[in-house]
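>>> predicted model follows, preceded by the sequence.
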Amino acid sequence: MTNEQKMLAALLPLGIVSCQSFLPYYQAEFTDKKGETSVAKPDAIFHIADDLEPVMFEFKSALLNSKTFKEAARNSLASQYKYRFQRDGSHLSHSELSSALWRAGHYKDCLNHAWNHSAYKHQLIANALPDGKYVLIFIDEIFHKEDEKTIKEFAGYAKKSLFCLPMSGVADFIASL
């Protein structure tokens, strides 16, 4: 079971359920600063009684990377692909590169280089949705780390208007809605 599956299983009793599309509630395509459009998918959704705009959740078990646009992420993944597999991956799409690395067990490469784990990608989504309707949920071990790097990263997420919660804070958040 992946960390995302474990997180979802723990949150099911709160009414948070699996979701693979922002539609029909919100837009599903987002365009980066270089003009490349990609479809984003949330991990989960929570419907608030009498509110037509549900809360969408993304689960994270590591800090986000700093790739500022999808092409940079793809190029970075292609370099990792070449390093890991000793063959050129420049002809492969971002998705193909990321999938190949993930399936081969190179999870950290995907976390460090893939667009789906980029703070900037999540900022694009957060800026397109109403305030408080897109929430990044981090495992407690990451969210509550008190080393300088983690504190700096979460301060950066706040500057990007990313709403982040630890797993242990989700029940209180849901209760406050």
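On my side now, so go ahead.
>>> going by C-alpha atoms from here, please, whenever you check contacts or count neighbours.
Fine.
>>> so what are the domain limits for the chain?
Under the assignment automatic domain parsing, the domains of the chain span 1-64+121-177, 66-117.
>>> for the longest one, what is the distance to the chain centroid?
For domain 1-64+121-177, the distance between its averaged C-alpha position and the chain's averaged C-alpha position is 7 Å (Cα atoms, centre = their mean, to the nearest Å).
>>> now do the longest helix along the chain: everything it contacts.
Taking DSSP state H as the criterion, the chain has its longest helix at helix 70-85. Residues from elsewhere that reach helix 70-85, judged by Cα atoms under 8 Å, 6 or more residues apart in numbering: 32, 36, 67, 87-90, 92-94, 97-98, 101, 109-110, 113-115.
>>> out of the residues you listed, which end up buried?
Buried positions within the contacts of helix 70-85, assessed by neighbour count (16 or more other Cα atoms under 10 Å), are 67, 89, 94, 97, 98, 101, 109, 110, 113, 114, 115.
>>> those in helices, which ones?
In this view, these that belong to helices under DSSP H are 94, 97, 98, 101, 109, 110, 113.
>>> now, the most widely separated pair of those?
Farthest-apart pair in these is 94 and 109; separation 12.6 Å (Cα to Cα).
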